[in-house]
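>>> okay, structure incoming, though there's no sequence with it:
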């Protein structure tokens, strides 16, 4: 396999473009960094100065540059899945599809009792202008762009080159103050990415940063049902401080620790002091990772397979039918005319009967339309819980014990009720103000002091009406960023 340029695209316009060269044997070398503003000519000059002659390129986009959504879908075939995902994307995104580039990962098929209930997919979307920027820069630099994927999927494909035990694996990669979390499900078909998350814990020290990251991991795992049921079999930590972070993750969530501060645990080689696996591992995984693990490629998204060319068979069949019709003669034509007259008469009678039925059932149709409109406004409890979670402080200060969503009625808006514990009554009042600022109609919150809850001495019961209009996911904010 020829050398490949593995690029890590900047998180923002002010960040540098980073890259390295990787060969088919997994040797990572020649890391480089190009400061903003990024241009194709500048990239070409930098590669020439570094005497890098590789032309094949892969680009790993940070998780924060993409919007990733879990889609629950009907039980359809693999051929029908791409069209169904695009239809769901059109309803889930605030931006038109012609302004987005998207691809998806089919999630493992359910087994047991849920085998025939449906299937799921992980949808990833980025702005079309971001993809055009990547393509234009690589083309101007004279490079052959093979893949534009996601960083966490690249990390997962890198880890999947190792022998993984069946079950759920957590992959945590660190790049400076940023971290990306990826969940892998390992089954008979191999390793499959089931969830990704981007985190930017704020802290003044590495120890405080690691504690904040543990809270982020806990939040992600709590929202993932299969992990709650089956637990973790392995935990991979990549990058700076991985040898400290992996044991902490295992102590809290279970599994076997796999720290990777260098390239050797990932089946590659290179100077990790110059090319940190936590920074470059995603791009390297897109270049040489396990091909058995499905990936995201915005350049060549999954589509319905092209239909087989049946023109010759159709032509032969048409010629045969024509021959039969000509040989049958006028007798067959006369029979057809008679049958058509009878069919037309029957259709006219059916149309008249249908018109009469429509007139009788018009009030029912109006009521059905009103019911459909009301059903369309129903609130998804998981989406509302995720939205409410963004307004709450971290679980180190406040956590919810119960959550209930009451759907809207013809007279009342949807309401949420949550019970939990907090570090102080002032914090509860602060949450009330934040919810009110976000459009919620908050009823007076009941609080009481409790014992036996270290760090959470205040119990509260929160009740609020949802805003009249639930804002859509900001799919175009910060380059389609999503957590």
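Yep, it's here. Keep in mind that what you see is a predicted model, and the values were worked out from it rather than measured.

>>> can you check the pLDDT for residue 387?
pLDDT, the model's per-residue confidence, is 80 for residue 387.

>>> give me the buried positions along the helix or strand encompassing it.
Assessed by DSSP states H and E, residue 387 sits inside helix 381-391. Buried residues in helix 381-391, counting neighbours by 16 or more other CB atoms under 10 Å, are found at 384, 387, 388. No exception for glycine: its C-beta is placed from N, CA and C like everyone else's.

>>> can you check stretch 283-296 too?
For stretch 283-296, using 16+ other CB under 10 Å, the buried residues are 283, 284, 285, 286, 287, 288, 289, 290, 293, 294, 295, 296.

>>> strands of the stretch 51-200 of the chain, start to end?
Using DSSP state E, counting those that start in this stretch, the strands found in the stretch 51-200 of the chain span residues 56-61, 67-73, 100-106, 119-127, 144-150, 167-175, 178-187, 190-199.

>>> could you dump the buried residues of helix 381-391 to CSV with distance to residue 460?
Listed next are these as CSV, based on distance: CB to CB, whole Å:
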residue, distance to residue 460
384, 19
387, 19
388, 14
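
>>> and the residues you listed, which is closest to residue 155?
residue 387 (27.6 Å; CB to CB).

>>> how near is that closest one to residue 340?
Computed with CB to CB, to the nearest Å, the distance linking residue 387 and residue 340 is 59 Å.

>>> quick check, residue 296 in contact with residue 125.
No. The criterion here is CB atoms under 8 Å, and residue 296 misses it with residue 125 at 10.4 Å.

>>> can you pull the contacts of residue 80?
Contacts of residue 80 were listed using CB atoms under 8 Å, 6 or more residues apart in numbering, and they are residue 304.

>>> same thing with residue 262?
By CB under 8 Å, 6+ apart, the residues touching residue 262 are 272, 277.

>>> how much space between the residue nearest to the spatial centre of the chain and residue 186?
Within the chain, one residue has its C-alpha closest to the average C-alpha position: by CA atoms, centre = their mean, that is residue 68, at 2.6 Å. Note on residue 68: its distance to residue 186, by CB to CB, is 20 Å.

>>> how about residue 249?
On the measure of CB to CB, residue 249 and residue 186 end up 17 Å apart.

>>> which of these two has more neighbours?
residue 249 (24 against 20; other CB atoms under 10 Å).

>>> looks to me like residue 37 is in a helix.
No. Counting by DSSP: H, G, I helix; E, B strand; the rest coil, residue 37 is not found in a helix; it is coil.

>>> just give the nearest non-adjacent residue to it, would you?
Taking CB to CB, 6 or more residues apart in numbering as the measure, residue 37 lies nearest to residue 13, with 7.3 Å between them; neighbours along the chain are not counted.

>>> wait, the one you found sits on residue 65?
No. With contact defined as CB under 8 Å, residue 13 and residue 65 do not form a contacting pair (11.3 Å).

>>> quick one: which of these two has more around it?
Comparing residue 13 with residue 65 by other CB under 10 Å, the one with more neighbours is residue 65, at 21 against 10.

>>> from residue 275, how far off is that one?
Between residue 65 and residue 275 the distance is 21 Å, computed by CB to CB.

>>> all strands for the stretch 301-450 of the chain, in order.
So, for the stretch 301-450 of the chain - with DSSP E, counting those that start in this stretch - the strands run 398-406, 415-422, 441-442, 446-449.

>>> just the ones you listed: most buried one?
Of the strands of the stretch 301-450 of the chain, the one with the most neighbours on average (mean count of other CB atoms under 10 Å) is strand 415-422, at a mean of 19.

>>> what packs against it?
Packed against strand 415-422 by the contact rule (3 or more CB pairs under 8 Å, 6 or more residues apart in numbering; DSSP states H and E) you find helix 381-391, strand 398-406, strand 458-465.
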